[in-house]
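In: Fold the following for me, if possible:
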Amino acid sequence: MPMQRTIRALIAGAALSALAHSAQAATITQILDFSASGFGAGAPVDPVTGSFTVTYDPTLTYSNDTADITLSSLNITLDPTFGFSYSSSLNQMFVGSTLNDVAGVVGGTNDFSLTISTASTTPTFGFLQYAQGTDSVFQTTTGTVTPSVSVPEPASMAVLGAGLVGLGVARRRRRG
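Out: Down below sits the predicted model:
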């Protein structure tokens, strides 16, 4: 009888963990480094480099989201707020200043916009444009986007923790 209770408890725990995990399964966190070069004569900075962390659900669409992205480094000046937009139908992300929308750059500002293709699967460099207080906008299609590390999601850690607790309880009951 105690063994049946243990098995039922393990099954119930696994079911609850699976439900919690499926609710968060689509959310991903990426740490991405990028470098863009080949802006041509007169570009104030070449290459433009940076790094950021972004968390999003690739089944949803985002527009100028500033809450789910953190800029770690950038070697050009950026006016006001860093953000991203994401198109789930295109699997494409735009990262940059929200001053002129993250997908656009206007001369005379300190602004940039990075386009990332196949963002949720294998992020690749698409296009970068920037302005650094000049009337010119500098752009290139030469660059890289590199995932630096993958970050485990809290739901995945909860599933692992629940499984380990369940195994510990089952083992303890067998001994007792």
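
In: low-confidence ranges in this protein?
Out: 1-25, 149-176 (pLDDT under 70).

In: Can you show me the helices along it?
Out: Listed in chain order, the helices of the chain (DSSP state H) span 2-24, 154-175.

In: residue ranges of the strands in this structure, please?
Out: 28-37, 48-56, 62-65, 69-74, 82-87, 92-97, 110-117, 124-132, 138-140, 142-150 (DSSP state E).

In: Could you give the bridge partners of T142?
Out: Going by DSSP bridges, T142 is paired in beta bridges with S37.

In: whoops, D65 was the one
Out: Those that pair with D65 in a beta bridge, by DSSP bridges, are F84.

In: Can you get me a residue count around it?
Out: D65 is flanked by 16 other residues according to other CB atoms under 10 Å. C-beta coordinates here come from the backbone N, C-alpha and C atoms, glycine included.

In: One more: P147?
Out: 11.

In: Roughly how far does it sit from I31?
Out: Computed as CB to CB, to the nearest Å, the P147 to I31 distance reads 7 Å.

In: out of the strands of the chain, deepest packed?
Out: Counting by mean count of other CB atoms under 10 Å, strand 92-97 has the highest mean neighbour count of the strands of the chain, with a mean of 25.

In: Partner strands of that one, with direction?
Out: strand 82-87 (antiparallel), strand 110-117 (antiparallel).

In: Reformat these as CSV; add distance to D46.
Out: Formatted as CSV, the strands paired with strand 92-97 follow (distance: least, CB to CB, whole Å):
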stretch, distance to D46
strand 82-87, 21
strand 110-117, 13
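
In: I'd like to know which of the ones you listed is closest to S73.
Out: strand 82-87 (11.4 Å; CB to CB).

In: what inclination does the closest one have with respect to strand 69-74?
Out: 120 degrees (axes from the mean of the first three to the mean of the last three CA atoms, to 10 degrees).

In: what does strand 82-87 rub up against?
Out: Identification of contacts with strand 82-87 by CB atoms under 8 Å, 6 or more residues apart in numbering yields 52, 54, 56, 58, 60-66, 68-71, 92-98, 101-103, 119.
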